[in-house]
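1. I'd like to go over a predicted model; first the sequence, then the structure.
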Amino acid sequence: IRSVEDNEAAASFLTERIRQLTEDPDAALHVSLAGGRKTMGYYIGYALSLYGRAQDRLSHVLVSSPFENSWDFFYPTPYERIIQIGSGEKTLLVDCRDAKIDMANIPFVRLRDELPTRFLSGKNGFSQIVEAANRALQPPLLQLDRREFSVIADDQPIALTDMEFIVLYWLVERHREAREWDWDTIGEDFLHTLKKVANVYADFYERAEKAIKSNIKTYQKDQDVALLREYFSPHVSHINKKLTGTLGKKAAERYRVVSIGKRGSTYFVLPESLPVEVQ
């Protein structure tokens, strides 16, 4: 490792190798920081922090003084082996039998569950992975384009279906206007957004309009909140899953649609402090 390019290549290689080795759920990985260049030790330790699982371990080898800096010392011999350490007036003669070697386990933070799922399979550069892991520390920003039906979070496109986009757009409108949730009017409220955003000639619009009107009619008859809630729940679940898959668990928490309210009549809202831009 002699250049910036070498440094980046080593980081990406070590990270990718650790990722590959941790793909096997039946294997346990033991990574040692002993030996090699300091940058190599740092990168392989960081890679294990990114991809390590509960069964994986990180260690370092500690050598007692004055043996740790000697070119002539290799291991504590079971027999007498005298070596010279230092030079001039600081010369010492020591017996390799007296050396003490310890393997120290090093605790490390496991970030695997916080990574976007796309980083758990397929090759990615070290810098890309670190950037993704650090996103959760940045202020969130949700951006929607109603003409393109596109969603961007943390500068990353979130691939939603048309109906998922409309549900999210509807929740964004409610979020921006701080509307109160009223089950008696929620179906008509959603239909208003559906007509405003969707192409009324699209097949999915007709299906959605028919389904929500049917649920509204049944709700008005039986006053069963679950009927309306169950229409939105799958879309909300898919939106949250795609946010987590793209951003990672921790970063996605700043955007996830949450359920609040009393049991049996919970409803959906975006995080209160989430900033949103709509075009």
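-> Yes, it's here.

2. Moving C-terminal from whichever strand or helix holds residue 46, which element do we reach first?
-> According to DSSP states H and E, residue 46 maps onto helix 38-51. Reading on from helix 38-51 to the C-terminus, the next helix or strand found by DSSP H and E is strand 57-63.

3. Which residues does that next one contact?
-> 28-34, 45, 48, 52, 73, 99-108 (CB atoms under 8 Å, 6 or more residues apart in numbering). C-beta: built from backbone N, CA, C; applies to glycine.

4. what kind of secondary structure is residue 83 in?
-> strand (DSSP: H, G, I helix; E, B strand; the rest coil).

5. chain center to stretch 104-121: distance?
-> 9 Å (CA atoms, centre = their mean, to the nearest Å).

6. What are the buried residues along that stretch?
-> By 16 or more other CB atoms under 10 Å, the buried positions in stretch 104-121 come out as 108, 111, 112, 114, 115, 116, 119.

7. Over to stretch 78-88?
-> 81, 83, 85.

8. CA-only coordinates of the worst-scoring helix or strand of the chain on mean pLDDT in CSV, if you can.
-> Lowest on mean pLDDT, DSSP states H and E among the helices and strands of the chain sits helix 203-222, with a mean of 72. This file holds the C-alpha atoms of helix 203-222, laid out as CSV (Å, rounded to 0.1, in the frame of the first residue of the first chain):
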residue,chain,number,x,y,z
ASP,A,203,-56.5,0.8,-14.6
PHE,A,204,-55.0,0.9,-11.2
TYR,A,205,-57.0,4.2,-10.5
GLU,A,206,-60.3,2.4,-11.3
ARG,A,207,-59.4,-0.5,-9.1
ALA,A,208,-58.3,1.7,-6.2
GLU,A,209,-61.4,3.9,-6.4
LYS,A,210,-63.7,0.9,-6.5
ALA,A,211,-61.9,-0.8,-3.6
ILE,A,212,-61.8,2.3,-1.3
LYS,A,213,-65.4,3.2,-2.1
SER,A,214,-66.5,-0.4,-1.2
ASN,A,215,-64.5,-0.2,2.1
ILE,A,216,-66.0,3.3,2.9
LYS,A,217,-69.5,1.9,2.3
THR,A,218,-68.9,-1.1,4.6
TYR,A,219,-67.2,1.0,7.2
GLN,A,220,-70.2,3.4,7.3
LYS,A,221,-72.5,0.4,7.8
ASP,A,222,-70.5,-1.5,10.4
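
9. Thanks a lot, catch you later.
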